[in-house]
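Participant: Structural data only, the sequence is not supplied:
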């Protein structure tokens, strides 16, 4: 794995871990619809997104970020890299107490080309990482990707 890719994956891991620690014992109490009754947001979406934003900005300043709750920060041009964040991927499940949700962070060079992705479901204690949109592997084994 190239050094830049390893750094992105480590940055995503650190941010996902920070948000996951916040969410590990969280229970949604402030649940709102975002215009559609099936598209929910909780106070925990907002709090975990803020932790992720702060971590990514500290570790990778200047890389734009698109997050589900807070939208876009920074300008994306051409083939530039950007972070794409869903602080609670599966908010409906989270809001109803079902443990099937995760923190999802990925970097993309184009809207369709994933560079790295980190997904961490805190209550299941398994992580998944991928790069170049393939070679996904649960964290019970080390994450390894293609060098090309």
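Facilitator: Alright, I've got the coordinates. From a predicted model like this one, the values you see are computed outputs, not experimental measurements.
Participant: Test my guess that residue 103 contacts residue 20.
Facilitator: Yes. If you go by CB atoms under 8 Å, residue 103 and residue 20 touch, sitting 5.4 Å apart. C-betas here are computed from N, CA, C, even on glycine.
Participant: Looking at the two, which is more packed in?
Facilitator: Neighbour tally, residue 103 and residue 20, criterion other CB atoms under 10 Å: the higher count belongs to residue 103, 29 against 19.
Participant: beta partners for the more buried one?
Facilitator: Legend: beta-bridge partners of residue 103 under DSSP bridges are residue 120.
Participant: Kindly give the local confidence score, pLDDT, for it.
Facilitator: pLDDT for residue 103: 90.
Participant: how much space between residue 66 and residue 3?
Facilitator: Using CB to CB, to the nearest Å, we find residue 66 at a distance of 25 Å from residue 3.
Participant: And those two? Which one has more around it.
Facilitator: residue 66 (17 against 7).
Participant: Using the three-state scheme, assign the more buried one.
Facilitator: strand (DSSP: H, G, I helix; E, B strand; the rest coil).
Participant: That one touches residue 81, doesn't it?
Facilitator: No. When contacts are counted by CB under 8 Å, residue 66 is not listed as touching residue 81 (11.6 Å).
Participant: give me every residue that touches the spatially closest residue to residue 63 that is not a sequence neighbour.
Facilitator: Spatial nearest neighbour of residue 63, chain neighbours left out: residue 81 (5.5 Å); criterion: CB to CB, 6 or more residues apart in numbering. Residues near residue 81 by CB atoms under 8 Å, 6 or more residues apart in numbering: 8, 63-64, 107-109, 115.
Participant: cool, and residue 74?
Facilitator: Residues in contact with residue 74 (CB under 8 Å, 6+ apart) are 62-65, 82.
Participant: Out of these, the closest to residue 96 would be?
Facilitator: residue 65 (28.0 Å; CB to CB).
Participant: Could you find the closest non-adjacent residue to the residue nearest the centre of the chain?
Facilitator: In the chain, the centroid-proximal residue (CA atoms, centre = their mean) is residue 105; its distance is 2.1 Å. In space, and not counting its chain neighbours, residue 105 is closest to residue 12: 4.4 Å by CB to CB, 6+ apart.
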